[in-house]
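**Q** Structural data only, the sequence is not supplied:
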């Protein structure tokens with residue numbers, strides 16, 4: 001089955017059923033060390049993982065690690081440009097769950113990004129990035145501790161599909177001609193819009209399937225959180241892009257109010273219900289007026305639509321969600337993308353789970369990470385229905401490789417996500433406790449040490465930080 005690697009002789013496969021992992025007590029987990037500083041941060045992270053599992057389960061559970069190769073290290077073993085060998089793909093498919101360090105984007109090898117390639121090959125449609133603050137981490141924000149969000153970013157559509165044509169090429173010119181002369185004029189709402197002839201063309205597909213499977217995972221995650229964090233916010237630019245970004249929002253609401261009807265309430269539904277709770281004899285029209293401040297300026301047709309909405313909600317869910325019962329449900333709301341960027345800074349404690357399309361999630365997850373201390377402490381996961389890969393979110397930093405100085409926090413926290421995904425919450429909690437304890441006691445690597453007031457001197461080495469985390473279990 002394999003050309004140059006051999007699986008562990010002990011351990012069992014993780015399997016998936018209906019998108020959820022079935023985990024033995026001794027799973028085999030493939031790992032990719034990573035390029036650059038991967039040589040330092042992976043051994044440190046693995047030491048923490050093994051210590052946490054031993055401390056939590058006393059030998060009853062254990063991971064059998066399976067080294068596989070990608071990036072520059074793969075080229076050393078498999079040959080030039082073999083950045084992602086078949087051995088690695090076979091192992092990840094066979095064993096279901098993998099974890100990796102940072103990988104170099106190949107130059108001249110034909111793969112735009114190894115990270116993107118892995119996501120596409122295994123249909124890892126949910127990129128999950130939790131952003132929470134650990135006391136003592138330097139932050140540019142005055143109140144970083146207020147931010148505690150999990151970003152669910154769609155991983156396979158939008159700009160990540162990468163379908164585009166260069167300006168001046170035959171296909172780009174042909175597409176512009178068809179759009180300008182046939183398709184745009186045939187769509188009255190586009191008016192006299194025209195695409196400039198010297199444009200590059202990109203396609204931005206957003207599907208109902210892709211949108212709803214992402215939102216489904218986000219809602220399932222919300223159901224596992226404490227009651228005060230059970231909220232899913234659909235992030236979009238639907239005020240402009242109505243049939244892609246707006247459709248993402250609409251499909252998200254559709255899923256929440258059908259598949260999760262008993263568990264969810266939308267923000268707008270909550271207004272309707274609470275209006276009736278405050279005034280039981282409120283008329284349909286007065287209720288409509290309260291949920292839509294511009295109601296009296298609407299056309300009669302639009303007024304009728306709002307009234308129909310109010311009546312439909314009360315008929316459908318008053319018995320199950322009314323009289324305050326909606327407050328125990330997962331709240332599903334939506335926010336415009338540019339608005340949420342400033343709201344996670346000005347009102348961070350109002351948000352919990354953000355479900356977004358690809359590009360919005362890309363910017364938003366990095367912005368959120370910056371608030372709580374940067375990508376050096378940012379974990380990530382890419383999850384599909386039959387595979388999951390957990391990864392560091394920062395780059396390879398090759399100038400620091402082999403110096404035992406880089407912060408291993410991103411990979412360690414990605415391991416926390418992996419343990420939570422496996423259902424090994426006790427191990428995950430120990431690691432979070434250890435990291436929090438080490439940082440709050442100023443036991444940090446140079447990247448955090450130099451930003452603390454006063455600066456920590458000397459900072460811990462990468463390997464020393466791993467031990468400090470373990471010592472604070």
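**A** Nice, thanks for sending it over. Only a predicted model underlies this, so the values are computations on that prediction, with no experimental measurement involved.

**Q** Beta-bridge partners for the residue most central in space within the chain, please?
**A** The centroid of the chain falls nearest to residue 128 when counting by C-alpha atoms, centre = their mean (2.1 Å). Using DSSP bridges, the bridge partners assigned to residue 128 are residue 152, residue 381.

**Q** any idea how far it is from residue 93?
**A** 20 Å (C-beta to C-beta, to the nearest Å). The way it works is simple: take the backbone N, C-alpha and C, and place the C-beta from them, glycine included.

**Q** Any figure for the gap between residue 35 and residue 100?
**A** Counting by C-beta to C-beta - residue 35 and residue 100 are separated by 10 Å.

**Q** cool, and residue 412?
**A** 13 Å.

**Q** Equivalent analysis for residue 76, please.
**A** 17 Å.

**Q** If you count surrounding residues, which of these two has more?
**A** Using other C-beta atoms under 10 Å as the criterion, residue 76 and residue 100 rank with residue 100 on top: 28 against 11.

**Q** phi, psi of the spatially closest residue to that one that is not a sequence neighbour?
**A** For residue 100, ignoring the flanking residues on the chain, the nearest one in space by C-beta to C-beta, 6 or more residues apart in numbering is residue 32 at 3.8 Å. Per-residue torsions, residue 32: phi -110, psi 120 (degrees, to the nearest 10).

**Q** what's around residue 32, how many residues?
**A** 28.

**Q** got it, and residue 453?
**A** 6.

**Q** any idea how far residue 401 is from it?
**A** 29 Å.

**Q** do residue 177 as well
**A** Taken as C-beta to C-beta, the span from residue 177 to residue 401 is 50 Å.

**Q** With residue 21 instead?
**A** From residue 21 to residue 401 the distance is 33 Å (C-beta to C-beta).

**Q** Hmm, residue 75 is touching residue 82, no?
**A** Yes. Using C-beta atoms under 8 Å, residue 75 makes contact with residue 82 at a distance of 5.5 Å.

**Q** Can you list phi and psi of residue 64 for me?
**A** phi -100, psi 110.

**Q** count of neighbours near the residue lying closest to it once chain neighbours are set aside?
**A** Spatial nearest neighbour of residue 64, excluding adjacent residues (C-beta to C-beta, 6+ apart): residue 11 at 3.1 Å. When neighbours are counted by other C-beta under 10 Å, residue 11 registers 19.

**Q** Name all residues that make contact with residue 11.
**A** 24, 26-28, 63-64 (C-beta atoms under 8 Å, 6 or more residues apart in numbering).

**Q** Can you lay out the residues you listed as a markdown table showing neighbour count?
**A** What follows is the contacts of residue 11, written out as a markdown table (neighbours: other C-beta atoms under 10 Å):
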| residue | neighbour count |
| --- | --- |
| 24 | 13 |
| 26 | 14 |
| 27 | 23 |
| 28 | 21 |
| 63 | 25 |
| 64 | 15 |
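
**Q** could you dump these to TSV with distance to residue 272 and secondary structure?
**A** Converted to TSV, the contacts of residue 11 look like this (distance: C-beta to C-beta, whole Å; DSSP: H, G, I helix; E, B strand; the rest coil):
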residue	distance to residue 272	secondary structure
24	48	coil
26	52	coil
27	47	strand
28	51	strand
63	49	coil
64	54	strand
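
**Q** for the stretch 201-350 of the chain, what spans make up the strands?
**A** 201-202, 231-236, 264-266, 330-336 (DSSP state E, counting those that start in this stretch).

**Q** elements contacting the second one?
**A** By that I understand strand 231-236. Here strand 231-236 touches helix 208-222, helix 245-256, strand 330-336, helix 337-346, strand 353-356, helix 358-371, going by 3 or more C-beta pairs under 8 Å, 6 or more residues apart in numbering; DSSP states H and E.

**Q** can you do 10 Å?
**A** Contacts defined by 3 or more C-beta pairs under 10 Å, 6 or more residues apart in numbering; DSSP states H and E place strand 231-236 against strand 148-154, helix 208-222, helix 245-256, strand 330-336, helix 337-346, strand 353-356, helix 358-371.

**Q** orientation of it relative to helix 245-256 in degrees?
**A** Orientation of strand 231-236 against helix 245-256 (axes from the mean of the first three to the mean of the last three C-alpha atoms, to 10 degrees) gives an angle of 150 degrees.

**Q** go on, the last one?
**A** Note on geometry: by the same axes, to 10 degrees, strand 330-336 and helix 245-256 are set 180 degrees apart in direction.

**Q** Identify each buried residue in strand 330-336, please.
**A** Using 16 or more other C-beta atoms under 10 Å as the test for burial, strand 330-336 gives 330-336.

**Q** do the same with stretch 304-315
**A** Here stretch 304-315 shows 306-307, 309-310, 313-314 as buried, counting by 16+ other C-beta under 10 Å.

**Q** Show the average pLDDT along that stretch.
**A** Averaged over stretch 304-315, pLDDT sits at 97.

**Q** List the residues that contact residue 92.
**A** 30, 32, 66, 68, 70, 98, 100, 118, 121-122, 387-389 (C-beta atoms under 10 Å, 6 or more residues apart in numbering).

**Q** Give me the helices and strands touching the lowest-mean-pLDDT helix or strand in the chain, please.
**A** Here the helix or strand of the chain ranked lowest by mean pLDDT, DSSP states H and E is helix 114-121, holding a mean of 88. Where contact means 3+ C-beta pairs under 10 Å, 6+ apart, helix 114-121 is packed against helix 86-95, strand 97-100, strand 126-132, strand 379-383, strand 388-392.

**Q** Mind listing residues that contact that helix?
**A** 32, 35, 70-71, 74, 83-84, 88-89, 92-93, 98, 100, 102-106, 111, 113, 124-127, 155-156, 160-162, 380, 382-384, 387, 389, 391, 393.

**Q** Report the buried members of the residues you listed.
**A** Buried among these (16+ other C-beta under 10 Å): 32, 35, 70-71, 74, 83-84, 88-89, 92, 98, 100, 102-106, 124-127, 155-156, 160-161, 380, 382-384, 387, 389, 391, 393.

**Q** which SS class is the nearest residue in space to residue 138 that is not next to it in sequence?
**A** Setting aside the residues directly before and after it, residue 138 is nearest to residue 451 in space (C-beta to C-beta, 6+ apart), at 3.5 Å. With DSSP: H, G, I helix; E, B strand; the rest coil as the basis, residue 451 sits in coil.

**Q** What about residue 451, how many residues nearby?
**A** 16.

**Q** I'd say it and residue 445 touch.
**A** No. Checked against C-beta atoms under 10 Å, the pair residue 451 and residue 445 is beyond contact range at 11.1 Å.
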